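S.K.: Let's see this in three dimensions:
(2 chains)
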2 protein chains.
Amino acid sequence: MNGPTIGWDVGGANVKAARIAGNSASSAEILERPFPLWREPHRLSAVLAETAERLGGARRMAITMTAELADCFDTKRTGVDFVLDAFGTAFPDVEPWVYGTDGRFRSVAAARQQPLEVAAANWMASATLVARVFHDALFIDIGSTTTDVIPIVGGRVSACGRTDPARLQTGELVYTGALRTPMCAIVRSVPVRGRRCRVAAEHFAVVADVHLWLHGIDEGDYTCETPDGRGRTRPEAGARLARMVCADLEMLGPDDITAIAEHVARAQIRQIASGIRQVMRRLAEARPTLAVLAGRGAFLARAAAERVGLVTRDLADETGTEAACAVPAVAVAYLLAAMAEI
Amino acid sequence: MNGPTIGWDVGGANVKAARIAGNSASSAEILERPFPLWREPHRLSAVLAETAERLGGARRMAITMTAELADCFDTKRTGVDFVLDAFGTAFPDVEPWVYGTDGRFRSVAAARQQPLEVAAANWMASATLVARVFHDALFIDIGSTTTDVIPIVGGRVSACGRTDPARLQTGELVYTGALRTPMCAIVRSVPVRGRRCRVAAEHFAVVADVHLWLHGIDEGDYTCETPDGRGRTRPEAGARLARMVCADLEMLGPDDITAIAEHVARAQIRQIASGIRQVMRRLAEARPTLAVLAGRGAFLARAAAERVGLVTRDLADETGTEAACAVPAVAVAYLLAAMAEI
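M.R.: Just a heads-up that it's a prediction; the model follows:
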């Protein structure tokens, strides 16, 4: 039973896959592919097949997903079915295992029966893996789109929300990320030459433009689409930021753009910190002092964690950056491979 | 010189045209066409030509625009040029007049010289027309996307911002509207079964879904695109609202959706009221007691104006609903026709 395993994290905007040869997470080969599922859902099975092939394939596969939330699906049930169908088409000879928010794998047939149990279970996989190394910690994983804040207490995942809405209520899910978040979802106003200026309620700029402008990320990290279809250079990001106050780079200079970007970055960090604080309040005496950071937005996680006085540790130092930016995929691969060993 | 005049209001999401035979605004024939310019800018000249033809054409044309802000243009200058080029292509035999934020018309050549003076001048045209009837009033025009709050004092337009960024700073422009505004640009959280729930920073729902759910608008008023490409029925709008808290209509019932929608509508009205209050503060002793309401979002303007204690009057009662939903187009037509009379 010791062949390779591919773990999948199928999101609405990215497909991530991790292939492990044995059962060691550090040996994982990772592929991440930006894929706006909502735009061309029918291509999912082809994307899965190509990704598996580039990784060298596997007969054992573990699935976690958040793609069921994409608005091409009228309900989560439809979304879960669609994703599982795509796996069936892409890999007719594989019987994949689907990870649930209860921390267990089930068959595709069982997953279809209880779709809400396998919808958005990726955070549970990640935290379960991290809990094997860090006994007491707040695991903070910031991806392109969302932030997970998962407490680990005494070596166990101690989250209290199971569904996405419940997690949004507890602070364990903060719907803000390092790349795709529309700027108008973060701030209502920004300073322009010292005076408060309302922002346009338009998809003119995303937070990737903010972090690129401030050198938090570089052009290679900006893997999502740009709102205006233009490039990912700093001037192009700056033009998008200017448009958020209905201006352009003939009206605003670099210092004006920096003032806007810094304001948005600070607001986003406060938003993440508010989730962390809410989770910490609930933990009361059990609250950890260590934050373990992962994801493309680890730089934001660090700023937010430090703001609430936590000691920080990068998961990337243990696993390498690639694995730390695809923890759910690595985690389901590893957890399934470990089960197969038993 | 008494032939027909067409007034144009070329926005980023809608093209509106008003044709008047003489110089009476009440006789205006109006055409409004949803047109997402940023997606297919090359089609603008054809849209203009078709619209003019359907109205019966005219040799005299007046232009006002906000389309220059669309993110297919790297600067406003490029956008203004593009729109004026489209008029040249659509109407080679017409020499249109372009309205400026100084309240004057200029030639196309002069407009190209000073593009910032003709960018987003539509509010000035509207307010100038309204000022001929209402001597002291706050003119509040809420369209699909934005809100203009323009004081009229002693029969004159008494706005203090001239550019969009300046207007966003003064409260004279509040970038929120009756249809296209993304819900995530209005609220950071909503109540779900009595408990605060963060919302998804995604373009899952627009405020048209909120107002349709609450019966503020009906399906026919929902003229913008739906975020998920689905229909404009109440259940479809409700599903989009549910998705904003990462839920669906199998997880939330109608009462849950109503609680979410009411919260968003109240937040939007507060946002509009904050613009009104800011404008009123600046006016000090000169502040009017009457609000004149226009646009598809007149129902929101009324709620916000009443919130700050203003007496309200619907412009539609004077001009009819169609003209009150296309005031800038009617205004530039009327103002140009009146000039031609002199």
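S.K.: List the buried residues in stretch A:216-232.
M.R.: Judged by neighbour count (16 or more other Cβ atoms under 10 Å in any protein chain shown), stretch A:216-232 contains these buried residues: A:216-217, A:221-228, A:232. Every C-beta, even on glycine, is put in place using the N, C-alpha and C of the backbone.
S.K.: oh, I was asking about stretch A:299-306
M.R.: So for stretch A:299-306, counting by 16+ other Cβ under 10 Å, buried means A:299-305.
S.K.: In PDB, list the C-alpha atoms belonging to it.
M.R.: Taking Å, rounded to 0.1, in the frame of the first residue of the first chain, the C-alpha atoms of stretch A:299-306 are listed here in PDB:
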ATOM      1  CA  PHE A 299       3.500  38.200   6.000                       C
ATOM      2  CA  LEU A 300       0.000  39.500   6.900                       C
ATOM      3  CA  ALA A 301      -0.500  36.800   9.500                       C
ATOM      4  CA  ARG A 302       2.800  37.800  11.100                       C
ATOM      5  CA  ALA A 303       1.700  41.500  11.300                       C
ATOM      6  CA  ALA A 304      -1.700  40.600  12.700                       C
ATOM      7  CA  ALA A 305      -0.300  38.000  15.200                       C
ATOM      8  CA  GLU A 306       2.300  40.400  16.500                       C
END
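S.K.: Just confirm yes or no for that stretch near chain B.
M.R.: No: using Cβ under 8 Å from any Cβ of the partner chain, stretch A:299-306 never reaches chain B; the gap is at least 13.6 Å.
S.K.: how far does that stretch sit from the chain's center?
M.R.: Counting by Cα atoms, centre = their mean, to the nearest Å, stretch A:299-306 is centred 15 Å from the centre of its parent chain.
S.K.: which stretches of chain A form strands?
M.R.: A:5-10, A:14-20, A:29-34, A:60-65, A:97-99, A:105-106, A:137-142, A:147-153, A:156-157, A:173-174, A:189-192, A:195-198, A:290-294, A:311-314 (DSSP state E).
S.K.: Of all those strands, which one is nearest chain B?
M.R.: Ranking these by proximity to chain B (Cβ to the nearest Cβ) places strand A:195-198 first, at 4.2 Å.
S.K.: what does the closest one rub up against?
M.R.: Outside of strand A:195-198, the residues within contact range by Cβ atoms under 8 Å, 6 or more residues apart in numbering or on different chains are A:188-191, A:245, B:165, B:168-169, B:171, B:173-175, B:275.
S.K.: let's go with 10 Å and repeat that
M.R.: Here strand A:195-198 makes contact (Cβ atoms under 10 Å, 6 or more residues apart in numbering or on different chains) with A:187-192, A:244-247, A:260, A:263, B:164-171, B:173-176, B:271, B:274-275, B:278.
S.K.: does chain B sit close to stretch A:240-260?
M.R.: Yes: legend: contact between stretch A:240-260 and chain B by Cβ under 10 Å from any Cβ of the partner chain is shown at A:240, A:242-252, A:256.
S.K.: Is it possible to mark the buried ones in the contacts of strand A:195-198?
M.R.: The buried subset of those - by 16+ other Cβ under 10 Å - is A:187-188, A:190, A:192, A:244-247, A:260, A:263, B:164-171, B:173-176, B:271, B:274-275, B:278.
S.K.: Excluding sequence neighbours, find me the nearest residue to whichever residue of the stretch 1-150 of chain A sits closest to chain B.
M.R.: Distances between the stretch 1-150 of chain A and chain B by Cβ to the nearest Cβ are smallest at A:Asp71, namely 3.8 Å. Nearest residue to A:Asp71 in three dimensions, chain neighbours excluded: B:Asp228, at 3.8 Å (Cβ to Cβ, 6 or more residues apart in numbering or on different chains).
S.K.: do A:Glu250 as well
M.R.: Distances taken as Cβ to Cβ, 6+ apart put B:Thr75 closest to A:Glu250, at 5.3 Å, once the chain neighbours are dropped.
S.K.: got the contact list for A:Thr75?
M.R.: A:68, A:81, A:115-116, B:239, B:242-243, B:247-251.
S.K.: closest to chain B among the buried residues of stretch A:299-306?
M.R.: Closest approach between these and chain B, by Cβ to the nearest Cβ: A:Leu300, at 13.6 Å.
S.K.: For the closest residue in space to that closest one that isn't next to it in sequence, name its beta-bridge partners.
M.R.: For A:Leu300, ignoring the flanking residues on the chain, the nearest one in space by Cβ to Cβ, 6+ apart is A:Ile142 at 5.4 Å. With DSSP bridges applied, A:Ile142 shows beta-bridge pairing to A:Thr147.
S.K.: Could you tell me what pLDDT the model assigned to A:Ile142?
M.R.: Model confidence at A:Ile142, given as pLDDT, is 98.
S.K.: got it, and the one 3 residues further on?
M.R.: The pLDDT attached to A:Thr145 in the predicted structure is 97.
S.K.: residue contacts, the nearest residue to it once chain neighbours are set aside?
M.R.: Distance criterion Cβ to Cβ, 6+ apart; nearest residue to A:Thr145, sequence neighbours excluded, is A:Gly177 at 4.0 Å. By Cβ under 10 Å, 6+ apart, the contact list for A:Gly177 reads A:13, A:142-147, A:206-208, A:224, A:268, A:272, A:295-297, A:300, B:201.
S.K.: again, but for A:Asp317
M.R.: A:292-293, A:324.
S.K.: which of the residues you listed has the most neighbours?
M.R.: Within the contacts of A:Asp317, neighbour counts (other Cβ atoms under 10 Å in any protein chain shown) peak at A:Val292, which reaches 28 neighbours.
S.K.: Give me the distance between it and B:Met124.
M.R.: Distance of A:Val292 to B:Met124, computed by Cβ to Cβ, to the nearest Å: 56 Å.
S.K.: Just confirm A:Phe204 contacts A:Ala237, I think it does.
M.R.: No: counting by Cβ atoms under 10 Å, A:Phe204 stays clear of A:Ala237, with 11.4 Å between them.
S.K.: hmm, back to that, return the item of the contacts of A:Asp317 having minimum pLDDT.
M.R.: Comparing those by pLDDT, A:Ala324 comes last, at 95.
S.K.: on that earlier part again, could I get the buried residues of stretch A:216-232 as a markdown table with pLDDT and distance to B:Arg19?
M.R.: A markdown table is the format used below for these (pLDDT from 0 to 100; distance: Cβ to Cβ, whole Å):
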| residue | pLDDT | distance to B:Arg19 |
| --- | --- | --- |
| A:Gly216 | 97 | 52 |
| A:Ile217 | 97 | 51 |
| A:Asp221 | 96 | 52 |
| A:Tyr222 | 97 | 47 |
| A:Thr223 | 95 | 49 |
| A:Cys224 | 95 | 44 |
| A:Glu225 | 95 | 40 |
| A:Thr226 | 98 | 39 |
| A:Pro227 | 97 | 35 |
| A:Asp228 | 96 | 34 |
| A:Arg232 | 98 | 45 |
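S.K.: List, one by one, the residues from the stretch 1-150 of chain A near chain B.
M.R.: So far as Cβ under 10 Å from any Cβ goes, the stretch 1-150 of chain A lies against chain B at A:12-13, A:38-39, A:66, A:68-79, A:115-116, A:119-120, A:145-146.
S.K.: contacting residues around A:Leu290?
M.R.: Taking Cβ under 10 Å, 6+ apart, we find A:Leu290 in contact with A:134-139, A:152, A:305, A:310-313.
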